[in-house]
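Novice: 3D, please:
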Amino acid sequence: MLHVAYTLTPDIRALLEDVKQESNRFLLTVVHPSVERKIRFQTRLKRMYWIQNPPQTFSLAEIQRFVLGAVPKRMFTRTIPLFNYAKLIDHIHEQWTLNAAPITLQNIEELSYALERGTKAMKLITMDYHTLKQLLNYLQTLENEPVVAASIAYSQWCILTDRYSPQPLAFLLAYIFLSKGGMNMRNALCLEQELVSHPREYTHALEAIKQSGSSTEWIRVFCSSLARYITKLRTSLETKDMTTTHDDLYRITPRQQEILSLLDGLESLTNKQVQKRFRVSQVTASRELGKLTALGLLLSHGKGRSVYYTRV
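Specialist: From the prediction side, this is the model:
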């Protein structure tokens, strides 16, 4: 039986207003495309780093090498969940941003399957479907409070699964509600960093729900974490490192830009289409598409020869 109780205290309402104001400032900030690519790329790396169960198995530098295509065979299987997770957040940004459609059990099952593909993780079927359906129905009554909905989605998922360590599916569910409310910061939000890097605050707030039955403290912690991260994100745009970036990693070539332009008139694009359009080899087409995917500009779908790409 689902039971959610909380109070939006004055300090929580103030935090919600801070999140809204900081979000608006960030979204209204004009940034160079290369800077935006850099932010998205670094966000992708941080998500993959912080979603690892502490202590983190791979460093940020190792994850960057993996994303750019240098994954040693002996480590490939261990990186699958990280790549699946990062890809799903891009998928959520593409599919759910300002999407008024209701979230269904099927949507959650599809996320679970995609996240666990290639692993031996726990199956979603072990969950209480009736209570989960109640939770989704309840959360969708909070459409005007996406941050509150996201915070409750995360905490209630932990309670339903009786697992209180950072959970990928819990984060994905939170990202969906933030995206639906337009609070995903151009896909530059990293919830994982602020929550996971403050383990005492995180654990205490979740345990308070078990002890008191109230989600008030957790909502405060979630809102505070979100406000902190968005403020850091916005102020980072003003630093010299961001405003004067010349790193080749974040630049795209004329051919890569043309590939993106092709998708302005197409729903999707394949490796073969790129080969034919630019008269290049399969290896070169893969390299170009891989670079754009790593930068978060394209999203890949399918496996093997059936892979196709869409704009994020």
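Novice: Give the next helix or strand downstream of the lowest-mean-pLDDT helix or strand in the chain.
Specialist: Here the helix or strand of the chain ranked lowest by mean pLDDT, DSSP states H and E is helix 240-243, holding a mean of 54. Using DSSP states H and E, the helix or strand that directly follows helix 240-243 along the chain is helix 254-262.
Novice: List the pairing partners of the very next helix or strand once past that next one within its sheet, with orientation.
Specialist: Proceeding C-terminally, helix 254-262 gives way to strand 269-270 as the next helix or strand, assigned by DSSP H and E. Pairing partners of strand 269-270, with direction, according to DSSP bridges: strand 308-311 (antiparallel).
Novice: Pull the distance from the strand it pairs with to the chain's centre.
Specialist: Averaged C-alpha coordinates place strand 308-311 at 18 Å from its chain's average position (CA atoms, centre = their mean, to the nearest Å).
Novice: Just the CA coordinates for that strand, please, in CSV.
Specialist: Extracted in CSV, the C-alpha atoms of strand 308-311 (Å, rounded to 0.1, in the frame of the first residue of the first chain):
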residue,chain,number,x,y,z
TYR,A,308,20.6,4.0,-36.4
TYR,A,309,21.1,7.5,-34.9
THR,A,310,18.8,10.4,-34.0
ARG,A,311,19.4,13.9,-32.7
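Novice: I'd like the average pLDDT over that strand.
Specialist: Confidence for strand 308-311, expressed as mean pLDDT, is 88.
Novice: what's in contact with that strand?
Specialist: 94, 260, 263-264, 267-270, 289, 292-293, 297-302 (CB atoms under 8 Å, 6 or more residues apart in numbering). C-beta: built from backbone N, CA, C; applies to glycine.
Novice: Quick check: PyMOL command selecting the buried ones in the residues you listed.
Specialist: Selection of buried members from the contacts of strand 308-311 for PyMOL, criterion 16 or more other CB atoms under 10 Å:
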select buried, resi 263+269+270+289+292+293+297+298+299+300
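Novice: can you list the domains in the protein?
Specialist: 10-242, 252-311 (automatic domain parsing).
Novice: tell me the most buried of these?
Specialist: Comparing these by mean neighbour count (mean count of other CB atoms under 10 Å), domain 10-242 ranks first with a mean of 17.
Novice: How far off centre is that one?
Specialist: 5 Å.
Novice: now the nearest residue to residue 273 once chain neighbours are set aside: how far from residue 271?
Specialist: Excluding its sequence neighbours, the residue lying closest to residue 273 (CB to CB, 6 or more residues apart in numbering) is residue 262, at 7.9 Å. Noted for residue 262: a distance of 13 Å to residue 271, by CB to CB, to the nearest Å.
Novice: try residue 7
Specialist: 53 Å.
Novice: before we move on, the earlier item: indicate which one of the domains of the chain is closest to residue 3.
Specialist: Relative to residue 3, the nearest member of those by CB to CB is domain 10-242, separated by 6.6 Å.
Novice: If you drop the residues flanking it in sequence, what lies closest to the most centrally placed residue in the chain?
Specialist: Geometric centre of the chain, nearest residue: residue 89, 3.5 Å, by CA atoms, centre = their mean. Spatially, and ignoring its direct neighbours in sequence, residue 89 is nearest to residue 175 (5.8 Å; CB to CB, 6+ apart).
Novice: That neighbour and residue 91 touch, don't they?
Specialist: No. Residue 175 is beyond contact range of residue 91, at 10.0 Å (criterion: CB atoms under 8 Å).
Novice: The residue nearest to the centre of the chain looks like it's in a strand, true?
Specialist: No. Counting by DSSP: H, G, I helix; E, B strand; the rest coil, residue 89 is not part of a strand but helix.
Novice: and it, what does it touch?
Specialist: By CB under 8 Å, 6+ apart, the contact set of residue 89 is 47, 172, 175, 187.
Novice: and if you look at residue 128?
Specialist: residue 160.
Novice: I'd like the distance between it and residue 137.
Specialist: Separation of residue 128 from residue 137 (CB to CB) stands at 14 Å.
Novice: next one: residue 41
Specialist: 37 Å.
Novice: all helices for the stretch 151-300 of the chain, in order.
Specialist: Taking DSSP state H, counting those that start in this stretch, the helices of the stretch 151-300 of the chain run over residues 168-180, 191-196, 199-212, 216-236, 240-243, 254-262, 271-278, 282-294.
Novice: among the ones you listed, where is the model least confident on average?
Specialist: Among the helices of the stretch 151-300 of the chain, helix 240-243 carries the lowest mean pLDDT, a mean of 54.
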